[in-house]
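Engineer: I'd like to go over a predicted model; first the sequence, then the structure.
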Amino acid sequence: MAINKVDFNINTAGLGTPPASKDHISGLVYYNNTLPSGFSASDRIKTVYSLAGAEALGIIQGSAAHGVEWYHIREFFEKQPEGQLWLGYFAVPAGTPDFIEIKTLQDTANGIIRQVGVYYKEAALASSQVTAIQLVLTTLKGENKPLSALYGGDISGVTDLSTLSDLRALTAPGVSVCIGQDGGAKGAALYASKGYSITDLGAKLGAVSAANVNESICYYEKFPMVTDGIEFDVANFANGDAVNLTSTALVNAIDDKGYIFLLKEVGFSNTFNSDSYTAAPITNDLATIENNRTIDKATRNLRTFIVPKLGSPLRVNADGTLREDTVKTFKALCDKALLTMEANGELSAYEIIINAAQNVVSTSKLEITIKLVPVGVAREIVINLGFVPNL
């Protein structure tokens with residue numbers, strides 16, 4: 001007989017710690033009837049972890065068919081060296097694009113892509129394209145596969161940037177339209193040889209991938225855009241116009257319309273992102289990429305802990321109200337989902353509200369209200385400075 005003892009079984013899963021972050025996982029959607037050597041009509045989606053990985057698939061610098069894509073991928077990994085990038089090559093649509101290929105890419109990735117870049121040069125940039133992308137994102141959100149989209153369209157034919165349509169008039173809060181472009185290095189050379197907008201799509205996607213979900217890519221200190229000292233050192237719009245030669249009034253007007261581009265700051269040598277807007281009214285809570293990514297992450301985290309409770313008993317008191325232990329159980333699960341985000345600075349605060357008086361016996365529906373306080377972004381800093389006779 002064994003000696004008497006007390007055994008302790010240590011439970012290491014009691015805290016329900018969320019899995020490692022997948023915030024960096026990104027995708028790129030290309031429309032090209034000429035496939036790289038590593039792709040085929042029946043095998044259009046690949047995952048790469050470096051520029052070398054893309055090159056091994058036949059996406060080569062200087063290639064007539066894939067040089068632009070190589071450039072975007074290079075700039076993505078320059079901004080996010082630890083990125084995971086899903087590449088999707090699709091046939092050029094015969095008519096008006098519906099961008100359903102975004103869903104194909106996300107479905108193939110089992111919903112793990114957090115942000116996707118979409119490059120389409122077959123027709124001039126139009127509001128209808130932005131709206132079409134949003135329809136796909138809305139479908140994906142309904143299937144619990146949310147993601148943000150950055151769109152690089154063709155504005156090469158726009159000779160007067162004041163004629164750009166107003167993205168603030170749209171309701172496409174998941175889509176950001178990128179109209180920045182290099183004006184003096186590889187991007188400029190590609191633009192000159194191709195004759196259509198190259199954009200800074202890859203670089204912006206890389207910046208988003210590298211950012212914490214609460215961070216704006218217009219955070220100058222963290223997301224400078226110049227690569228190798230030359231790429232993006234000259235900030236252009238994607239129609240070839242130089243930003244520094246564009247009137248301040250027009251630059252501000254373009255900004256007011258919700259586009260994101262590149263700009264220079266007086267006294268600093270680098271180049272920066274103008275902002276992180278989405279194609280929605282500025283009053284929309286999801287009018288920035290960071291707010292979308294934050295709410296998407298909160299949603300994913302909450303599902304991780306709440307979905308297993310589907311079909312579980314909801315114990316009530318004699319008067320039909322929820323028992324205190326039932327309320328505490330669900331509050332604790334929501335806490336596990338959000339506490340890490342708050343601790344990591346991705347949320348300023350949150351509140352979980354469960355009304356014990358709701359009639360779950362009749363409805364079989366438990367309603368949980370969660371209020372999130374996001375992290376602010378210093379878009380404007382006002383310094384009051386002046387002389388005084390004494391202090």
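Structural biologist: Thanks, I have the structure now. Residues are numbered from 1 along each chain as shown.

Engineer: so where's this protein shaky on pLDDT?
Structural biologist: Along the chain, the parts satisfying pLDDT under 70 run over 1-20.

Engineer: For the strand ranked longest in it, name the packing helices and strands.
Structural biologist: Assignment by DSSP state E gives strand 115-124 as the longest strand of the chain. Strand 115-124 is packed against strand 25-31, helix 67-79, helix 101-108, helix 127-142, strand 148-154, helix 201-210, with contacts defined by 3 or more CB pairs under 8 Å, 6 or more residues apart in numbering; DSSP states H and E. (C-beta placed from N, C-alpha, C; glycine too.)

Engineer: For the very next helix or strand once past the fifth one, report the contacting residues that lie outside it.
Structural biologist: Put plainly, it is strand 148-154. Sequence order places strand 175-177 as the next helix or strand after strand 148-154, per DSSP states H and E. By CB atoms under 8 Å, 6 or more residues apart in numbering, the residues outside strand 175-177 that reach it are 125, 130, 133-134, 137, 148-151, 153, 167, 204, 258-260, 276-279, 289.

Engineer: try 7 Å
Structural biologist: Strand 175-177 is contacted by residues 130, 133-134, 149-151, 153, 167, 259-260, 277-279, 289 when judged by CB atoms under 7 Å, 6 or more residues apart in numbering.

Engineer: on that earlier part again, who's in contact with the longest strand of the chain?
Structural biologist: Strand 115-124 is contacted from outside by 26-31, 72, 92, 97, 99, 102, 105, 129, 133, 147-154, 157, 196-197, 201-202, 205, 208-209, using CB under 7 Å, 6+ apart.

Engineer: Separate out the buried members of those residues.
Structural biologist: Taking 16 or more other CB atoms under 10 Å as the criterion, what is buried in the contacts of strand 115-124 is 26-31, 72, 97, 99, 102, 105, 129, 133, 147-154, 196-197, 201-202, 205, 208-209.

Engineer: who's in contact with the nearest residue to Gln134 once chain neighbours are set aside?
Structural biologist: Excluding the flanking residues, the one nearest Gln134 by CB to CB, 6 or more residues apart in numbering is Ala172, at 3.7 Å. Going by CB under 7 Å, 6+ apart, Ala172 touches 130-131, 133-134, 278-280.

Engineer: Let's see that with 10 Å instead.
Structural biologist: Neighbour list for Ala172: 127, 129-135, 137-138, 149, 151, 258, 278-280, 284, 286 [criterion: CB atoms under 10 Å, 6 or more residues apart in numbering].

Engineer: try Val130
Structural biologist: Val130 neighbours (CB under 10 Å, 6+ apart): 99, 149, 151, 153, 165, 167, 170-172, 174-177, 258, 278-279.

Engineer: And Val136, by the same measure?
Structural biologist: The contact partners of Val136, by CB under 10 Å, 6+ apart, come to 98-104, 106, 116, 118, 147, 149, 174-175.

Engineer: which of these tops the neighbour count?
Structural biologist: Val116 (30 neighbours; other CB atoms under 10 Å).

Engineer: Okay, that one and Gly174: tell me how far apart.
Structural biologist: Here Val116 is placed at a distance of 10 Å from Gly174 (CB to CB, to the nearest Å).

Engineer: which neighbours do those two share?
Structural biologist: Joint contacts of Val116 and Gly174 (CB under 10 Å, 6+ apart) are 133, 136-137, 140, 147-149.

Engineer: Tabulate the residues you listed (JSON lines), appending distance to Leu250.
Structural biologist: Formatted as JSON lines, the shared contacts of Val116 and Gly174 follow (distance: CB to CB, whole Å):
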{"residue": "Ile133", "distance to Leu250": "26"}
{"residue": "Val136", "distance to Leu250": "32"}
{"residue": "Leu137", "distance to Leu250": "30"}
{"residue": "Leu140", "distance to Leu250": "35"}
{"residue": "Leu147", "distance to Leu250": "32"}
{"residue": "Ser148", "distance to Leu250": "27"}
{"residue": "Ala149", "distance to Leu250": "26"}
